[in-house]
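[1] Sequence first, predicted model second:
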Amino acid sequence: MTSKTSPDPQLVRSDFPSGFRWGTSTSSYQIEGAAQEDGRVESIWDRFCAQPGTIRDGSSGLVACDHYHRWPQDLDLARELGTNAYRFSIAWPRLFGDGTTVNAKGLDFYERLVDGMLERGLEPWPTLYHWDLPQALQEQGGWVNRGTVHAFTDFVDAVTRRLGDRVRNWITHNEPWCTAMHGNWDGMHAPGNKDLRIALQVCHHVLLSHGLAVPIVRANVKDAHVGIALSLHPIRSASDKAEDIAATYRHDGLRNRWFLDPLFGKGYPEDVLALVGDAAPGIEAGEMEAIAVPTDFMGLNYYFPEKIADAPDNPPLHGKVVHPQDVERTAFGWEVAPDGLSQLLRRIDREYGPREIHVTENGSSYDDVVDNGEVRDVQRRSYLIRHLDAMREAIADGVPVKGYFAWSLLDNFEWAEGYTRRFGLTYVDFDTQQRILKDSGKWYRDFLVK
Ligand code: FCB
């Protein structure tokens, strides 16, 4: 593994447009804990974590950062960073205890949380689905069942009716790729299925539920500003051989175009439909039109690019991900490639032209250590600075990027990796729940406040 050699660029806040949204990002299951309090019911992640061998350190989100009880302190941290926006998610299992009636205590919690943001000058950016489906809905098939689409729109209706007078920005889904593929194709995430046909049907229903939720948000929220957050990756060829380039195109099809094309009215890409054959989703009349509902912004979650080589024996894409040694990587093994962010931003703008783009997640995991009460995470600080610089370049080229949300405000429960991967600008000691602002967080604060 190589490490970077050149010094980090010098950035100041005024390099970016005024009115820019500067935030951090979290999600309910990863930080809240209090999994059995105030009427919250079981989610697919509670069930998944309880199965041996699913989570690297055998942990779960039962306690996590205990944010459910410590949220005032955590929002204080976000304010002290100088951020003006905060992205979080709303736990469906807190709201619909028995699946049909709304749990008042759950809604009360999010109302308090949102009011706490507003008091601190943080614009709320809730995500409506960040993977914690109520287990009761999974018992009926979960997202593979069309009924879940309608259960979701009922949930969205209840949340936006209650919070729509104070929350303008809404993100319907976080990373449909992960919901569908990690949850149902490679089985790394809840509910742990391993079936491409199920994964693609789930994906279709998730996209459909986005399309049906957008008009509901608009009906309940004055001046609604609504979009979806996609995890996209620049897909790069392992070599300049024609076979590798062709495999790269196929991978880009399922990773990126499979989501972007239908959301922007182009339908599912024909080349990928041909590759997946019988695993293609069942689609009913009017659904593609619903998915293509115009939105106010697109959320981009960017972490790393992928390198692809031809692999004729590996259906359905007949390619494979390769991991070259000679690149800089985070402790998680993810390639560090800030140019991938500017490349994706330019591409989204050029090929799809959303009204606005917000970088709704970007961040890195390193093996932090506390030394005399300090966390000197120089690598994460450098990752942050270089990605902001790449975003600055894209903005200078005219790409309408309007916000950046660092993943994450806090170290938290990193899904299948448990607590072994730290992404926070703030260190969390999970035994004592002490929070320590890392050097990366101090850099972000100085950049925002100075
Ligand atoms: C993204 C997820 C987020 C977090 C980061 C590291 O895929 O949306 O919850 O786990 O990865």
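    Looks like it arrived, so ask away.

[2] show me where the stretch 251-400 of the chain has helices.
    For the stretch 251-400 of the chain, helices defined by DSSP state H, counting those that start in this stretch occupy the ranges 258-263, 270-276, 287-291, 338-351, 378-396.

[3] from these, which stretch is densest packed?
    Mean neighbour count (mean count of other Cβ atoms under 10 Å) peaks for helix 258-263 among these, with a mean of 22. Placement of C-beta: from N, CA and C, glycine included.

[4] quick one: contacts of it?
    Counting by Cβ atoms under 8 Å, 6 or more residues apart in numbering, helix 258-263 makes contact with 176-177, 203, 207, 210, 228, 230, 232, 267-269, 272, 288, 291-292, 295, 298, 348, 351-352, all of which sit outside it.

[5] and if you look at stretch 88-102?
    With contact meaning Cβ under 8 Å, 6+ apart, stretch 88-102 is reached by 25-29, 32, 38-43, 103, 105-107, 109-110, 113, 124-130, 132-137, 151-152, 154-155, 158-159, 174.

[6] just checking: which of those residues also lie near the ligand?
    Counting by Cβ under 6 Å from any ligand atom, Ser27, Asn174 from those sit close to the ligand.

[7] Looking at the contacts of stretch 88-102, which are in strands?
    In this view, the contacts of stretch 88-102 that belong to strands under DSSP state E are Ser25, Pro124, Trp125, Pro126, Thr127, Leu128, Tyr129, Asn174.

[8] Identify the farthest-apart pair in those residues.
    Of all pairs drawn from the ones in strands among the contacts of stretch 88-102, the one with the longest distance (Cβ to Cβ) is Pro124 and Tyr129, at 16.2 Å.

[9] Can you tell me which residue is spatially central in this structure?
    With distances taken as Cα atoms, centre = their mean, the chain has Asn174 as the residue nearest its mean C-alpha position (4.5 Å).

[10] So what's the residue count around the residue nearest to Ser89 when sequence neighbours are not counted?
    The spatial neighbour of Ser89 that comes closest, neighbours along the chain excluded (Cβ to Cβ, 6 or more residues apart in numbering), is His130 at 3.6 Å. When neighbours are defined as other Cβ atoms under 10 Å, His130 has 25 of them.

[11] and His130, what does it touch?
    Contacts of His130 were listed using Cβ under 8 Å, 6+ apart, and they are Ser27, Ser28, Tyr29, Gln30, Ser89, Asn174.

[12] Out of these, who's the most crowded?
    Within the contacts of His130, neighbour counts (other Cβ under 10 Å) peak at Ser28, which reaches 28 neighbours.

[13] Spatially, what comes nearest to that residue if we skip its sequence neighbours?
    Leaving aside its sequence neighbours, Ser28 is closest to Ala91 (3.8 Å, by Cβ to Cβ, 6+ apart).

[14] Quick check: the one you found vs Leu341, distance?
    For Ala91, the distance to Leu341 (Cβ to Cβ, to the nearest Å) stands at 29 Å.

[15] Which pLDDT value does the model give Thr295?
    The confidence metric pLDDT takes the value 98 at Thr295.

[16] quick one: contacts for it?
    Counting by Cβ under 8 Å, 6+ apart, Thr295 has contacts Val214, Val226, Gly227, Ile228, Leu263, Pro354, Arg355.

[17] Can you name the next helix or strand after the helix or strand containing the fourth one?
    When elements are defined using DSSP states H and E, Ile228 is found to belong to strand 225-231. The helix or strand immediately downstream of strand 225-231 is strand 235-237, counting by DSSP H and E.

[18] Spell out whether the strand holding Ile228 and the ligand are in contact.
    Yes: when contact is scored as Cβ under 6 Å from any ligand atom, part of strand 225-231 falls within range of the ligand: Ser231.

[19] do the same with stretch 364-384
    No: counting by Cβ under 6 Å from any ligand atom, the ligand is not contacted by stretch 364-384; separation bottoms out at 7.1 Å.

[20] Restricting to C-alpha, output that stretch in PDB.
    Listed next in PDB are the C-alpha coordinates belonging to stretch 364-384 (Å, rounded to 0.1, in the frame of the first residue of the first chain):
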ATOM      1  CA  SER A 364     -13.000   7.400   5.900                       C
ATOM      2  CA  SER A 365     -12.300   4.800   8.600                       C
ATOM      3  CA  TYR A 366      -8.900   4.600  10.300                       C
ATOM      4  CA  ASP A 367      -7.700   2.800  13.500                       C
ATOM      5  CA  ASP A 368      -7.800   5.700  15.800                       C
ATOM      6  CA  VAL A 369      -6.100   5.800  19.200                       C
ATOM      7  CA  VAL A 370      -6.600   8.100  22.100                       C
ATOM      8  CA  ASP A 371      -3.300   9.600  23.200                       C
ATOM      9  CA  ASN A 372      -3.400  11.900  26.200                       C
ATOM     10  CA  GLY A 373      -7.000  12.800  25.500                       C
ATOM     11  CA  GLU A 374      -6.300  13.600  21.800                       C
ATOM     12  CA  VAL A 375      -7.000  11.700  18.600                       C
ATOM     13  CA  ARG A 376      -4.500  12.700  16.000                       C
ATOM     14  CA  ASP A 377      -6.200  11.300  12.900                       C
ATOM     15  CA  VAL A 378      -4.000  13.000  10.300                       C
ATOM     16  CA  GLN A 379      -5.100  10.600   7.600                       C
ATOM     17  CA  ARG A 380      -8.800  11.300   8.000                       C
ATOM     18  CA  ARG A 381      -8.100  15.000   8.100                       C
ATOM     19  CA  SER A 382      -6.200  14.700   4.900                       C
ATOM     20  CA  TYR A 383      -9.000  12.600   3.300                       C
ATOM     21  CA  LEU A 384     -11.500  15.300   4.200                       C
END
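
[21] So for that stretch, mean pLDDT?
    For stretch 364-384, the per-residue pLDDT averages 98.

[22] Assign a three-state SS to Phe88, would you?
    In terms of secondary structure, Phe88 is strand; the call rests on DSSP: H, G, I helix; E, B strand; the rest coil.

[23] What separation is there between it and Gln36?
    Separation of Phe88 from Gln36 (Cβ to Cβ): 20 Å.

[24] Which one of the two is surrounded by more residues?
    Using other Cβ under 10 Å, the more surrounded residue of Phe88 and Gln36 is Phe88, with 29 against 11.

[25] what pairs with that one across the strands?
    According to DSSP bridges, Pro126 are recorded as the beta-bridge partners of Phe88.

[26] Trp177 versus that one, what's the distance?
    Here the criterion is Cβ to Cβ. By it, Phe88 lies 21 Å from Trp177.

[27] Also Asn362?
    The gap separating Asn362 from Trp177 is 16 Å, by Cβ to Cβ.

[28] And for Arg21?
    Using Cβ to Cβ, one gets 24 Å for the distance from Arg21 to Trp177.

[29] With Ala394 instead?
    Ala394 sits 22 Å away from Trp177 when distances are taken as Cβ to Cβ.

[30] cool, Asn372 as well?
    For Asn372, the distance to Trp177 equals 41 Å [Cβ to Cβ].

[31] the more surrounded of these two?
    A direct count of neighbours by other Cβ under 10 Å for Asn372 and Trp177 places Trp177 higher, at 22 against 5.
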